[in-house]
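**Student:** below are the sequence and a predicted model for it; my questions follow.
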Amino acid sequence: MVVGVGESPSGTAALAWARDLCEREQWHLEVVTGWPDSGQAHVHEAPGHFSLARYRAVDALNAALVAARIEIDAPWVAIHVENSDPVEALVEHSRGARLLVVGASDSGRSRRAGQAPVSDRCRDRAACPVVVVDVEKAA
């Protein structure tokens, strides 16, 4: 199973939901974070140089992992931090996956970016079924 995690509470809820299903079904979990986030200018990583966008993505990912009670060295978990549009990263990782799990997109962020929500774009392009977890409904 692939789960997308960004800087939103819905990404953390999606991660917790995915963790529960993976533990119950004994599936492997791929956690994917693409940066910079949708709506931000794309910046290519330059080795040896600090990137605020990457730092924020990793910081949000680490916070989500802690909140979802996932240990990064668990043998059933793989973590990917990609210098790519989040939708592109998730679509690529969805190839061969049983399920792609994403949080319900924050429509304000999507409108600022002039794009459809990440969850909608993933639903349109993923190579597997997509589950969208709404943070309010997951609570």
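**Tutor:** Cool, the structure landed.

**Student:** near the residue nearest to residue 134 when sequence neighbours are not counted, how many other residues are there?
**Tutor:** Spatial nearest neighbour of residue 134, excluding adjacent residues (Cβ to Cβ, 6 or more residues apart in numbering): residue 104 at 4.2 Å. (C-beta placed from N, C-alpha, C; glycine too.) By the criterion of other Cβ atoms under 10 Å, residue 104 has 21 neighbours.

**Student:** and the helices in the protein?
**Tutor:** 9-25, 52-67, 86-94, 107-113, 118-125, 135-138 (DSSP state H).

**Student:** ranking those helices by mean pLDDT, which is last?
**Tutor:** The minimum mean pLDDT among the helices of the chain belongs to helix 107-113 (a mean of 49).

**Student:** ok so, going back, the residue nearest to residue 134 against residue 132, yeah?
**Tutor:** Yes - the pair residue 104 / residue 132 is scored as a contact, 5.4 Å apart, by Cβ atoms under 8 Å.

**Student:** so what's in contact with these two at the same time?
**Tutor:** Common contacts of residue 104 and residue 132 (Cβ atoms under 8 Å, 6 or more residues apart in numbering): residue 119.

**Student:** related to what we said a few turns ago, turn the helices of the chain into CSV, columns for mean neighbour count and distance to residue 79.
**Tutor:** Converted to CSV, these look like this (neighbours: other Cβ atoms under 10 Å; distance: least, Cβ to Cβ, whole Å):
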stretch, mean neighbour count, distance to residue 79
helix 9-25, 20, 11
helix 52-67, 16, 7
helix 86-94, 21, 11
helix 107-113, 13, 23
helix 118-125, 20, 19
helix 135-138, 13, 21
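
**Student:** point out the one among those helices that comes closest to residue 73.
**Tutor:** With Cβ to Cβ, the closest approach to residue 73 among the helices of the chain belongs to helix 52-67: 11.0 Å.

**Student:** who touches the closest one?
**Tutor:** Outside helix 52-67, the residues that touch it by Cβ under 8 Å, 6+ apart are 5-7, 11-12, 15-16, 31, 33-37, 40, 43, 45, 71-72, 79, 81, 83.
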